[in-house]
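*Asks:* return a 3D structure for these sequence lines:
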Amino acid sequence: MAENKSNDIKSFVLRVDSATMKALEKWAADEFRSINGQLQWIISDALKRHNRSVK
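*Replies:* Here you go, the predicted structure:
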């Protein structure tokens, strides 16, 4: 049986300064993503670029 991906998602708290948050909000809006979606994309992209991708 296929695993439910939502069971594999973990949450965490991230604190950023207001200037960084404002930049993230603009970047996310420019790419039609939520802040959460943008952060997931940034993390995934960084992992790929540094050959640390998950399977």
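
*Asks:* can you show me the helices along this structure?
*Replies:* 18-30, 35-49 (DSSP state H).

*Asks:* so which of those comes closest to Asn7?
*Replies:* Counting by CB to CB, Asn7 lies closest to helix 35-49 out of the helices of the chain; the figure is 16.5 Å. Placement of C-beta: from N, CA and C, glycine included.

*Asks:* give me the mean pLDDT for the closest one.
*Replies:* Average pLDDT, helix 35-49: 95.

*Asks:* now the helices of the chain as TSV including mean neighbour count and distance to Asn7?
*Replies:* Shown next, in TSV, are those (neighbours: other CB atoms under 10 Å; distance: least, CB to CB, whole Å):
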stretch	mean neighbour count	distance to Asn7
helix 18-30	12	26
helix 35-49	12	17
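
*Asks:* for those helices, which one sits closest to Ser11?
*Replies:* Among the helices of the chain, the nearest to Ser11 by CB to CB is helix 35-49 (9.8 Å).

*Asks:* just checking, what packs against the closest one?
*Replies:* Packing contacts for helix 35-49, counted by 3 or more CB pairs under 8 Å, 6 or more residues apart in numbering; DSSP states H and E, involve helix 18-30.
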